[in-house]
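Q: the following comprises the amino acid sequence and a computationally predicted model.
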Amino acid sequence: MWLDEEETSFRGYSVAVANSKAYGGGMFVAPDADLTDGLFDVVTISEGSKLRFLLRLPLVFNGKHTRAASVDVRRASTVRIEADRPFTVFADGDPICELPATIKVRRDAVRVLLPR
C-alpha cells in the first residue's frame, strides 16, 4: 500500500479509505476525518484473533476502536492498495473494482448547502 509517496504494508482484516467520519448505519470508522481537509483517513486493522476482532467491533459505533493497538490511522491524498491475492474494492457497499486500486481525493469537488 502507498500513502502518497510512502510505501507501507500490513497483514490484517481491513483497509478503510474514508473521507468522512461515519458510514454503514453509524459506524464511526474514521472518527477524526474531515470532509474539507483534502485528505483521506486510511484506517487499517491488523491481523489478530478473530474473537478479539469481533469483541472490539461494537467500539466502531462510538469511534473508540482507533485506540486499539491493532488499529492504525494515517492520512493521505492518494492511496494505492495492492494485495497478494484478489480482493474486491467496495464503495458504499457496492463493488467498484478489483485490486490493485488507486484512490485520490479531489478537494472541493462537490459543493453542498448545509443548514447552520
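A: Received it, and whenever you're ready, just let me know what you need. Nothing here was measured: the structure is a model prediction, and the numbers come from that model. Numbering: from 1, shown residues only.

Q: which residues does residue 72 form beta bridges with?
A: With DSSP bridges as the criterion, residue 72 is bridged to residue 44.

Q: quick check: it touching residue 41?
A: No: Residue 72 is not in contact with residue 41 according to CB atoms under 8 Å; the separation is 10.7 Å. Every residue, glycine included, has its C-beta placed from N, CA and C.

Q: of these two, which one has the most company?
A: residue 41 (22 against 16; other CB atoms under 10 Å).

Q: starting at the chain centroid, how far to the lowest-mean-pLDDT helix or strand in the chain?
A: Least confident helix or strand of the chain, by mean pLDDT, DSSP states H and E, is helix 50-56 with a mean of 85. Chain-centre distance of helix 50-56: 18 Å, with CA atoms, centre = their mean, to the nearest Å.

Q: alpha carbons of that helix, as PDB, please.
A: Listed next in PDB are the C-alpha coordinates belonging to helix 50-56 (Å, rounded to 0.1, in the frame of the first residue of the first chain):
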ATOM      1  CA  LYS A  50     -11.000 -13.300  15.200                       C
ATOM      2  CA  LEU A  51     -12.600 -13.300  18.700                       C
ATOM      3  CA  ARG A  52     -10.700 -10.100  19.700                       C
ATOM      4  CA  PHE A  53     -11.800  -8.500  16.400                       C
ATOM      5  CA  LEU A  54     -15.400  -9.400  17.000                       C
ATOM      6  CA  LEU A  55     -15.400  -8.300  20.600                       C
ATOM      7  CA  ARG A  56     -14.000  -4.900  19.600                       C
END
